[in-house]
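Visitor: I'd like to go over a predicted model; first the sequence, then the structure.
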Amino acid sequence: MESAMNFFIENRDAVFIFVLAVFVGFEVIGHVPSILHTPLMSGSNALSGICIIGGIIVMGTASGDDIAAMILGFFAVVFGTYNVVGGFVVTDRMLEMFKKKPKEGKSKK
């Protein structure tokens with residue numbers, strides 16, 4: 001418990017900024033109109049792509065005996081890839097809803 005308090009005291013500015021960023025993020029995302037969800041998903045995919053690149057860099061520059069860096073880099077790549085693929089699937093399904101469907105019963109002459 002004492003080590004957690006020491007970490008908080010040493011990094012209180014970073015922790016404070018992180019907590020504020022969480023609240024601002026929830027507030028901003030919660031007030032996005034539904035028409036903007038597709039562009040927002042594309043922006044989220046771009047950020048996840050940056051996380052993938054960061055994970056690859058972390059794993060590439062970690063020394064052989066730094067297991068923690070290798071594990072964190074691996075999870076960053078796996079979860080970032082999962083988020084990007086899922087985002088593209090959801091975006092594709094949303095865009096399919098806006099395509100016009102051909103009317104049945106009318107034949108071309």
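Guide: That came through fine.

Visitor: which of the residues in the longest helix along the chain are buried?
Guide: Secondary structure of the chain per DSSP state H: the longest helix is helix 67-97. Counting neighbours by 16 or more other Cβ atoms under 10 Å, one finds that the buried residues in helix 67-97 are 73, 76, 77, 80, 83, 84, 87, 91. Where you see a C-beta, it was placed from the backbone N, CA and C, and this is true even at glycine.

Visitor: per-residue pLDDT of the residue nearest the centre of the chain, please?
Guide: The residue lying closest to the centre of the chain (Cα atoms, centre = their mean) is residue 48, at 4.4 Å. Note on residue 48: pLDDT of 82.

Visitor: can you name every helix or strand that the host helix or strand of it contacts?
Guide: In this structure, residue 48 sits in helix 37-61 according to DSSP states H and E. Packing partners of helix 37-61 (3 or more Cβ pairs under 8 Å, 6 or more residues apart in numbering; DSSP states H and E): helix 67-97.

Visitor: redo that, cut-off 10 Å
Guide: helix 12-30, helix 67-97 (3 or more Cβ pairs under 10 Å, 6 or more residues apart in numbering; DSSP states H and E).

Visitor: same list (those) but as CSV, adding distance to residue 40 and mean pLDDT.
Guide: Shown next, in CSV, are these (distance: least, Cβ to Cβ, whole Å; pLDDT from 0 to 100):
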stretch, distance to residue 40, mean pLDDT
helix 12-30, 8, 88
helix 67-97, 10, 85
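
Visitor: adding distance to residue 58, write those out as a markdown table.
Guide: As requested, those are arranged in a markdown table below (distance: least, Cβ to Cβ, whole Å):
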| stretch | distance to residue 58 |
| --- | --- |
| helix 12-30 | 19 |
| helix 67-97 | 4 |
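
Visitor: just so I know, which of those helices lies nearest residue 56?
Guide: With Cβ to Cβ, the closest approach to residue 56 among the helices and strands packed on helix 37-61 belongs to helix 67-97: 6.1 Å.
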